[in-house]
Structure formats: C-alpha cells, structure tokens
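Colleague: Make a model of this:
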Amino acid sequence: MDDYNPSLVRNQPYDVIPAYLIPYVGSMYIAPSQADRVSAVNRDLKDFPPVLVEVGDSEILQDQIMKLVDKLQSEGSQSTSSTPPYVECNTYTDMVHVFQMLGITNMPQISQSFQRMKVFLDKLDTLNNCVALATSQKMEREPLTNDACLDRD
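Modeller: Model prediction:
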C-alpha cells in the first residue's frame, strides 16, 4: 500500500472492511512489491473515460479514493481525446465502503446514490449520442446542428 492514509485509522471503527485485510486481499490480485506500479494513482489517466465515484465518509479507503479523484480531475484537463474529461464525485455521510450493497435498509443515501448513478449514465448516453452525431455529420461534411448536444448540463 502506498503512503499513510488517515482514513484507514479514522474510519476503522465504522467500516465493514477490516484494515488489516487490505494487504491480504490485494495480494490475491498482485504481488505486494508490484502494487504501486499498477495502482491507478500512479498511472497516466489523462485520456481516461468519464468516471462516477460514490464514496462514503466512513470508509477506510476514503483517502485513497480521493487521491484517485484528484488525479483524474487534474490529468483530465490535459486530455487529448475529443470528448472533454468528466469526473463526478459524491461523498455520503456515515456511509462505508460499497454502502450501496446495504440497499435493503432503505437508507436515503443509498437511494440518492442509485439516482445519481442513473443520472450519470443518462449523461453518458447523451454524450455518446452527441459524439456519434458529430462523427456522422463530420463524415458527411455537415456542421453539427443538434443543440441538445451542446447543453450537457
């Protein structure tokens, strides 16, 4: 694991994931000596696709997740792709790692998270349609005329 993350200690009493398991679970996927090399925080993310991050303020991985969000936001501004970078991060009070799995509890944060996921996917669908339209119109040498594509709010 990379440098010290205060949320590992601060949120341990609340999260469903025991901090001591992180190195063991991680080693199932990659040798510990290679973890920093493959970590997304240490990779080039400037042409990464749009990302939605739903994070609980009581999860032990909160600091690591926010490092990734910060990197995506800073490197996304250097994107060379034709679509602008899009990173959306929502933090939920008193929620733990993968809190959406607690969906049977009727917690308002869970409903809100699922609603935000739907809105995000709808935005992606609109963006993808705009890119397809722009591509087809460019191929036909016509100007982009779909005003809905320009209003992506």
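Colleague: Assign a three-state SS to the residue sitting nearest the centre point of the chain, would you?
Modeller: For the chain, the residue nearest the mean C-alpha position is residue 53 (3.2 Å; C-alpha atoms, centre = their mean). At residue 53 the chain is in strand, as set by DSSP: H, G, I helix; E, B strand; the rest coil.
Colleague: For it, give the beta-bridge partners.
Modeller: Taking DSSP bridges as the rule, residue 53 bridges to residue 89.
Colleague: That one touches residue 88, doesn't it?
Modeller: Yes. Here residue 53 reaches residue 88: they are 7.1 Å apart, a contact under C-beta atoms under 8 Å. For every residue, glycine as well, the C-beta is placed using N, CA and C.
Colleague: And whatever helix or strand residue 131 lives in, how far out from the chain middle?
Modeller: Using DSSP states H and E, residue 131 falls within helix 108-139. Remark: helix 108-139 is offset 14 Å from the chain centroid, using C-alpha atoms, centre = their mean, to the nearest Å.
Colleague: List the buried residues for that helix?
Modeller: 109-110, 113, 120, 123, 127, 130, 134 (16 or more other C-beta atoms under 10 Å).
Colleague: quick revisit: I'd like to know how far the residue nearest to the centre of the chain sits from residue 99.
Modeller: 13 Å (C-beta to C-beta, to the nearest Å).
Colleague: list residues touching both of those two?
Modeller: Common neighbours of residue 53 and residue 99 are not found (criterion: C-beta atoms under 8 Å, 6 or more residues apart in numbering).
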